[in-house]
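K.L.:
Build the 3D model from these lines:
(4 chains)
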Number of protein chains: 2
Amino acid sequence: MSTTAPVRPSAARERILETAFALFYAHGIRAVGVDRIIAESDVAKATFYKHFPAKDDLVVAYLDKVDGVWTGQLHEAAAAAGPDPAAQLVGLFDALRASCRREGYRGCAFINAAAESQPGTAVHDRTVAHKTAVLSWVHELAERAGARDPGALARTLTLLLDGGLASGSLDASPDAPDAAKASARALVDVATRTDGRG
Amino acid sequence: MSTTAPVRPSAARERILETAFALFYAHGIRAVGVDRIIAESDVAKATFYKHFPAKDDLVVAYLDKVDGVWTGQLHEAAAAAGPDPAAQLVGLFDALRASCRREGYRGCAFINAAAESQPGTAVHDRTVAHKTAVLSWVHELAERAGARDPGALARTLTLLLDGGLASGSLDASPDAPDAAKASARALVDVATRTDGRG
DNA sequence: CATCAGATAGACAGATCTGTCTATCGTTAC
DNA sequence: GTAACGATAGACAGATCTGTCTATCTGATG
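P.N.:
Numbers count the residues shown, from 1 in each chain, chains lettered A, B, ... in the order given. This is a model prediction of the structure:
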């Protein structure tokens, strides 16, 4: 029993973060007060402010958590497409489809957070950092796929991805992710063709 | 002088809407209180609530205004590309580039509003209505361009557009709109090619 | 047993938010 | 001139928000 003691990142903190994860995403950041998070995570107010001195600290931690989850899904979807980098560039769009189909889907948490924050703040910076990381990961994939212009291909694919994420919650029809994937396939194909007909 | 009397949509109302337009877009909807709008538009509180019984009514009017402006820019950019519908489908992306370059650009007002509202509310519905209208306009253009699958092409192009709008404010580099336009050209080309090689 | 860190409950302060209400002032129309 | 209307200034209510603080409890470690 005492074996797992050293690794205990505070159950209360974990509960707060879990509650914030659900509430911030479902209702927006400003719409959810710390009082509600405190109540729903069964935590004392002093405990909350001990772990997160200000609400924005919690928001950044929330974005860190979303980053971990979403990046993981992206990588898994890419890996599931097999070893070929070009196929992975297409396969990652399966993560988009899965997300959009999820109950309570409400768009990209980062774009949403950016909509509620100002440039120069820690929250906004965290959003930019996430988008930059995704772009550079796709870029690397595009390079390994042998794209003629990996930068342009990566840019286009992330645009499609962001568009799908953003409009996925504004659109009843579920064909947006499919359209995104189909276009991604066409664009990857054109960008990696070697016969010069691209 | 009495000639223009019948058409006087209240100067105070216009001032309120103008102020809301600037503040809501720059700071987000929840971040701007009605008190601030009242103060900066030099209007009495009773006047404000006479024209907009609740804040949400002003938000919807704000989105109406944005819709008018943005749709106009979109149509103008398309028209500037000439009479060919296929060229217009590509040309409309010039509106994206112009928007992203504008000082104080902070993404798509509709996506931002959706991030701060709940499905089922008037504000959220207004956002969906805008996106639907843009999609059907692009769809019509795609049909006139003779696309094999106008629905798929329209969907893809609006995804690119939304992606550009959403990430335009999260990205220091200004090449996103150019990449979107280049991809749009490639996709339109493939979708309207008649030699069956698409 | 003693100590100390982390958690708890909740009062409190100060700001801010939406929305209501009263009382007054000009201007226009009849 | 007078009635009606739009606008003004600003007090007010009631809720909610972030953040602080005190006092107490619990459980593990020395």
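K.L.:
In what element of secondary structure is the residue sitting nearest the centre point of chain A found?
P.N.:
Closest to where the C-alpha atoms of chain A average out (Cα atoms, centre = their mean) is A:Trp70, at 4.0 Å. Assigned by DSSP states H and E, A:Trp70 falls within helix A:55-79.
K.L.:
Please report the distance of A:Asp42 from A:Ile16.
P.N.:
According to Cβ to Cβ, to the nearest Å, A:Asp42 stands 10 Å off from A:Ile16. The C-beta positions use only the backbone N, C-alpha and C, and glycine is treated the same way.
K.L.:
Please identify which of these two sits among more neighbours.
P.N.:
A:Ile16 (25 against 10; other Cβ atoms under 10 Å in any protein chain shown).
K.L.:
what's the first-to-last distance across stretch A:100-109?
P.N.:
One end of stretch A:100-109 sits 12 Å from the other (Cα to Cα, to the nearest Å).
K.L.:
And it, what's buried?
P.N.:
A:Cys100, A:Arg106, A:Gly107, A:Cys108, A:Ala109 (16 or more other Cβ atoms under 10 Å in any protein chain shown).
K.L.:
ok, so what distance separates the last one from A:Gly33?
P.N.:
In this case it means A:Ala109. 18 Å.
K.L.:
Please apply the same query to the second one.
P.N.:
A:Arg106 sits 19 Å away from A:Gly33 when distances are taken as Cβ to Cβ.
K.L.:
Mind checking which of the buried residues of stretch A:100-109 are in helices?
P.N.:
A:Cys100, A:Ala109 (DSSP state H).
K.L.:
Using TSV, lay out the buried residues of stretch A:100-109 together with pLDDT.
P.N.:
TSV is the format used below for the buried residues of stretch A:100-109 (pLDDT from 0 to 100):
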residue	pLDDT
A:Cys100	94
A:Arg106	95
A:Gly107	96
A:Cys108	97
A:Ala109	98
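K.L.:
Closest one to DNA strand C out of the buried residues of stretch A:100-109, please.
P.N.:
DNA strand C has its nearest neighbour among the buried residues of stretch A:100-109 in A:Arg106, at 21.4 Å by Cβ to the nearest atom of the strand.
K.L.:
Against chain B, how distant is the closest one?
P.N.:
8 Å (Cβ to the nearest Cβ, to the nearest Å).
K.L.:
Local confidence estimate at the closest residue to that residue other than its chain neighbours?
P.N.:
Using Cβ to Cβ, 6 or more residues apart in numbering or on different chains and skipping the chain neighbours, the partner closest in space to A:Arg106 is A:Ser169 (5.0 Å). pLDDT recorded at A:Ser169 is 84.
K.L.:
so what's A:Ser169 up against?
P.N.:
Going by Cβ atoms under 8 Å, 6 or more residues apart in numbering or on different chains, A:Ser169 touches A:Cys100, A:Tyr105, A:Arg106, A:Gly107, B:Ala114, B:Pro119.
K.L.:
Quick check: which element contains it?
P.N.:
Using DSSP H and E, A:Ser169 falls outside every helix and strand.
K.L.:
Likewise for A:Ala166?
P.N.:
A:Ala166 belongs to helix A:150-167 when elements are defined using DSSP H and E.
K.L.:
Now do the buried residues in the helix or strand following that helix.
P.N.:
Remark: after helix A:150-167, the chain's next helix or strand is helix A:176-192, criterion DSSP H and E. Under the neighbour-count criterion of 16+ other Cβ under 10 Å, helix A:176-192 has A:176-188, A:190-192 buried.
K.L.:
What of stretch A:121-136?
P.N.:
Buried residues in stretch A:121-136 (16+ other Cβ under 10 Å): A:Val123, A:His124, A:Arg126, A:Thr127, A:Val128, A:His130, A:Lys131, A:Val134, A:Leu135.
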